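Enquirer: Pasting a predicted model and its sequence here:
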Amino acid sequence: MNPTVPSRPHLFGVLAGLALAAGLVFAALVFANAWTRISESQVINVTGSARKNVRSDLVVWRANFSSEAETLLAAQEKLRADLGKVTAFLTTHGLAEFSAAPVQIREITARQRHEEDDTVTNVRVGYRLTQMVEVRSADVERVPRLAGDSGELLQQDVAFVSDGFEFIYTKAGDAKVEMMAEATKDARSRAEQIATQGGRAIKELRNARMGVVQINPLYSGSTSAEGNNDTSSLEKTITATIGATFALR
């Protein structure tokens, strides 16, 4: 046997040792890489919120009045005269700008029995004309009070009926942007408090998801998936939420 050539068992041992060493190095690299990924993926998810009480700055008042007569011409003349009275009433109270919708015409019918063949048919006995009016004003307090004074029109033989009010906050869009920023600050504050309790610290914001904005009557906590947009109350509460993910260190 040539003394310079290693024996086959010794050669296998050397190769096995090299393979084991390479395997340990590879495992260490994989473990280090995995640990880096795990440490970098450590995050905290929180929800921040912001609330703001606002006062409506626009009121929309809708009302209607109607007239009835046996003929269409007579009903039209009565309605035209009533529109003049309504216009005078609103103008006197400082609401000269209003819109009037097209006139709605409906036939008035009555059941009539025919004695000769004992049948019943509907017979037209007149017409009913209705006109809608809409008032938009920034005077959110005076207009509702004015609706209570509309009894003056009833005394003038005008069948005037108030259909209610809508109170709108026209700056809601700007408020939502401002409140989203406040909700993000609140989310970071919550995340910092939770992380501090666990001996960690907050790094950067990873992502944020805007929640649905809710506009409700004052102090109401009502929510809906689509977002509430209350128009029934003068005073409102706007609530905004945001879901945020922060990295930890």
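Expert: Thanks, I have the structure now. Numbering: from 1, shown residues only.
Enquirer: And the strands in the protein?
Expert: Ranges of strands in the chain, per DSSP state E, are 43-55, 58-69, 99-100, 104-114, 119-137, 159-168, 202-210, 214-217, 235-248.
Enquirer: In the second one, which residues are buried?
Expert: Yep, that's strand 58-69 we're talking about. L58, V59, W61, R62, A63, N64, F65, S66, S67, E68, A69 (16 or more other CB atoms under 10 Å). All C-beta atoms are positioned from the backbone trio N, CA, C, and that covers glycine.
Enquirer: Identify the residues contacting the first one.
Expert: With contacts defined as CB atoms under 8 Å, 6 or more residues apart in numbering, L58 is in contact with R136, S137, A138, V140, F167, I168, Y169, T170.
Enquirer: The fifth one is in contact with P217, isn't it?
Expert: No: applying CB atoms under 8 Å, one finds F167 not in contact with P217, separated by 9.7 Å.
Enquirer: higher neighbour count, those two?
Expert: Each of F167 and P217 has its neighbours counted (other CB atoms under 10 Å); F167 has more, 21 against 15.
Enquirer: what stretches of the chain score poorly on pLDDT?
Expert: Within the chain, the stretches with pLDDT under 70 are 1-41.
Enquirer: Got the domain ranges for the chain?
Expert: Here the domain assignment for the chain is 39-55+171-248, 59-166, based on automatic domain parsing.
Enquirer: Quote the end-to-end distance of the last one.
Expert: Read that as domain 59-166. From its first residue to its last, domain 59-166 covers 6 Å (CA to CA, to the nearest Å).
Enquirer: Report the beta-bridge partner residues of V120.
Expert: Per DSSP bridges, the residues bridged to V120 are R113.
Enquirer: Distance check, it against D57.
Expert: 56 Å (CB to CB, to the nearest Å).
Enquirer: the more surrounded of these two?
Expert: D57 (13 against 9).
Enquirer: give me the number of residues near the closest residue to that one other than its chain neighbours?
Expert: Of all residues not flanking D57 in the chain, T170 sits nearest, at 5.5 Å (CB to CB, 6 or more residues apart in numbering). Neighbour count of T170, defined by other CB under 10 Å: 10.
Enquirer: how about T170, phi and psi?
Expert: Note on T170: its backbone torsions stand at phi -70, psi -20 [degrees, to the nearest 10].
Enquirer: Can you give me the neighbour number for the closest residue to A244 other than its chain neighbours?
Expert: Leaving aside its chain neighbours, A244 sits nearest to A187 (4.0 Å; criterion: CB to CB, 6+ apart). Neighbourhood size, A187 [other CB under 10 Å]: 25.
Enquirer: close enough to count as contact, A187 and G211?
Expert: No: with contacts counted by CB under 8 Å, A187 stays clear of G211, the gap being 10.6 Å.
Enquirer: Now do the shared contacts for the two.
Expert: Jointly contacting A187 and G211 under the rule CB under 8 Å, 6+ apart are T47, I242, G243.
Enquirer: who are the neighbours in contact with the last one?
Expert: Okay, so that is G243. N45, V46, T47, A187, A208, R209, G211.
Enquirer: which among these gets closest to G148?
Expert: Closest approach between the contacts of G243 and G148, by CB to CB: G211, at 39.6 Å.
Enquirer: Tell me who's in contact with that closest one.
Expert: G211 touches T47, A183, A240, T241, I242, G243, counting by CB under 8 Å, 6+ apart.
Enquirer: got it, and S99?
Expert: V133, E134.
Enquirer: same deal with F246?
Expert: So F246 contacts V43, I44, V46, R188, A191, A195, I202, K203, E204, L205, R206 (CB under 8 Å, 6+ apart).
Enquirer: hmm, back to that, overlap in contacts of F167 and P217?
Expert: Joint contacts of F167 and P217 (CB under 8 Å, 6+ apart) are S232, S233, K236.
Enquirer: Show me what the last one is bridged to.
Expert: Which is K236. V54, P217.
Enquirer: Was I right to think it contacts K52?
Expert: No: using CB under 8 Å, K236 is not in contact with K52; the gap is 9.1 Å.
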